[in-house]
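Asker: Any chance you can model this:
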Amino acid sequence: MLKLTKKTDYGLISLRHIAVSPRGTASAKEISDAYGIPLPLLAKVLQSLTKGRLAISVAGTNGGYRLARDPQSITALEVIQCIDGLAILTNCFTEHGACDQSDRCTVREPLRHVQEAILNLLAKMTIADLARDGSPSRKNESPAAPLASPLGAGLQSLHVL
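Answerer: Sure thing, here's the model as predicted:
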């Protein structure tokens, strides 16, 4: 089962929070307090997002973090790759993924289609979409309240086989 790590979840939550912030910035403490995320772990996540050029650290009294690009151009897949690297369903999709069942495997190709569909969905879902609750029917509404699971709505609509 494909499952987001806590770090990736926190990264998505953080970028979404910044995107809907009236100031366009948010401090690590503000985000930590708003979602109950441990501050040391959140600081590492925000460092990764900054290093990956998805967020920018802003110094000063009203500093914190801001998005490095428009929220419509930052995808969920970029966030996942920035924090955890490439998400894969099974090792047989990697160059080191040979197994003793490769010659007889009947599910490798269907699982590859699932993998591609998930990656395509994540590549299409943006921080702006998450700020609108990720629901296609709500694209023109104002930002929603914080999400319990940032990718929940999009992944529920995934139809692959």
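Asker: what's the spacing between the residue sitting nearest the centre point of the chain and Asp129?
Answerer: The structure's the chain has its C-alpha centroid closest to Ala76; by Cα atoms, centre = their mean the separation is 3.7 Å. Noted for Ala76: a distance of 8 Å to Asp129, by Cβ to Cβ, to the nearest Å. Yep, even glycine has a C-beta here, placed from its N, CA and C like the rest.
Asker: how near is the residue nearest to the centre of the chain to Ser14?
Answerer: From Ala76 across to Ser14, the span is 13 Å (Cβ to Cβ).
Asker: Ramachandran coordinates for the residue nearest to the centre of the chain?
Answerer: The phi/psi pair for Ala76 (degrees, to the nearest 10) reads phi -60, psi -40.
Asker: Lys124 too?
Answerer: phi -90, psi -30.
Asker: try Thr5
Answerer: Torsion angles, degrees, to the nearest 10, at Thr5: phi -70, psi 160.
Asker: Identify the residues contacting it.
Answerer: 83-84 (Cβ atoms under 8 Å, 6 or more residues apart in numbering).
Asker: do the one 5 residues further on as well
Answerer: By Cβ under 8 Å, 6+ apart, the contact list for Tyr10 reads 35, 37, 41-42, 45.
Asker: Drop anything exposed from the residues you listed.
Answerer: Among the contacts of Tyr10, those buried by neighbour count (16 or more other Cβ atoms under 10 Å) are 35, 37, 42, 45.
Asker: Export these as TSV, with columns for distance to Leu67 and pLDDT.
Answerer: Output for those, formatted as TSV (distance: Cβ to Cβ, whole Å; pLDDT from 0 to 100):
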residue	distance to Leu67	pLDDT
Tyr35	17	96
Ile37	18	97
Leu42	16	98
Val45	15	98
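Asker: wait, which of the residues you listed is closest to Leu4?
Answerer: Val45 (12.1 Å; Cβ to Cβ).
Asker: Check which element follows the host helix or strand of the closest one along the chain.
Answerer: Assigned by DSSP states H and E, Val45 belongs to helix 39-51. Per DSSP H and E, the first helix or strand lying C-terminal to helix 39-51 is strand 55-58.
Asker: Show me what that next one packs onto, helices and strands only.
Answerer: Here strand 55-58 touches helix 6-20, helix 39-51, strand 64-67, going by 3 or more Cβ pairs under 8 Å, 6 or more residues apart in numbering; DSSP states H and E.
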